[in-house]
Each structure stands twice: as structure tokens, then as C-alpha cells.
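1. Pasting a predicted model and its sequence here:
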Amino acid sequence: MRKWLSEHQDQIEVFYLPPYTPEHNPDEYLNGNLKQRIRSGLPARNSDDLAKKTRSFMKTLQRRPNHVKSYFKHPLVRYAA
């Protein structure tokens, strides 16, 4: 990997992160929003209900690109923007 990185320095920038840093990972902001949505309203009674709530949230995100962009505006995540 290091050889490939050295050969492609002009095409990619590498950010080395500590082993466990969820606050540096934009996916964790999505996960947090998803968990909040799943817990709201009527509780999911089975896996089908859970899947339906998850799909509903993800479809909502598709229509809200600015919300998705907000995951990358936190100072600790700007490296990925």
C-alpha cells in the first residue's frame, strides 16, 4: 500500500486517524440520525418494521442533500469533504 501511495501522491491525500475515533467518521453522524429516527414514533415490533423505518429514513435523506452535506461540516470531519 505504501508503494502505491507514494506513486500516487498527486492523486490522493491520506489522513491517518487514531484507531477508534467515531467523531472523525461521517458515517457515525448518519448512524446517529438513523438511530434517532428508529426510536421515534411507534416502536418497531419486528424486523420488517425496523427495515421499513430504515428505508423511510434513507429515502428522506435522498431528498435532503444539504442534510447529508452537513455530516461533513463538523470540524473533525472536514478532511473528508
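-> The structure has been received and is ready for your questions. Numbers count the residues shown, from 1 in each chain.

2. neighbours of Trp4, just the number please.
-> 8 (other Cβ atoms under 10 Å). For glycine as for every other residue, the C-beta is placed from the backbone atoms N, C-alpha and C.

3. Just after the helix or strand that contains it, pick out the following helix or strand.
-> According to DSSP states H and E, Trp4 maps onto helix 2-7. The first helix or strand that comes after helix 2-7 along the chain, using DSSP H and E, is helix 26-39.

4. picking up where we left off before, how far off centre is the helix holding Trp4?
-> In terms of Cα atoms, centre = their mean, to the nearest Å, the centre of helix 2-7 is found 27 Å from the chain centre.

5. Could the C-alpha coordinates of it be exported in PDB?
-> Output of helix 2-7 as PDB, limited to C-alpha atoms (Å, rounded to 0.1, in the frame of the first residue of the first chain):
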ATOM      1  CA  ARG A   2       2.800   2.400   0.900                       C
ATOM      2  CA  LYS A   3       4.400   1.900  -2.500                       C
ATOM      3  CA  TRP A   4       1.100   2.600  -4.300                       C
ATOM      4  CA  LEU A   5       0.500   5.700  -2.200                       C
ATOM      5  CA  SER A   6       4.000   7.000  -2.900                       C
ATOM      6  CA  GLU A   7       3.400   6.500  -6.700                       C
END
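
6. Mind giving me the packing neighbours of that helix?
-> Contacting helix 2-7 under the criterion 3 or more Cβ pairs under 8 Å, 6 or more residues apart in numbering; DSSP states H and E is no other helix or strand.

7. Spell out for me which residue occupies the centre of the protein.
-> Against the mean C-alpha coordinate of the chain, by Cα atoms, centre = their mean, the closest residue is Asp27 at 1.9 Å.

8. coming back round to it: which residues does the helix holding Trp4 contact?
-> Residues from elsewhere that reach helix 2-7 (Cβ atoms under 8 Å, 6 or more residues apart in numbering): Ile12, Val14.

9. Mean confidence (pLDDT) on that helix, please.
-> Averaged over helix 2-7, pLDDT sits at 91.

10. and what of stretch 60-76?
-> 92.
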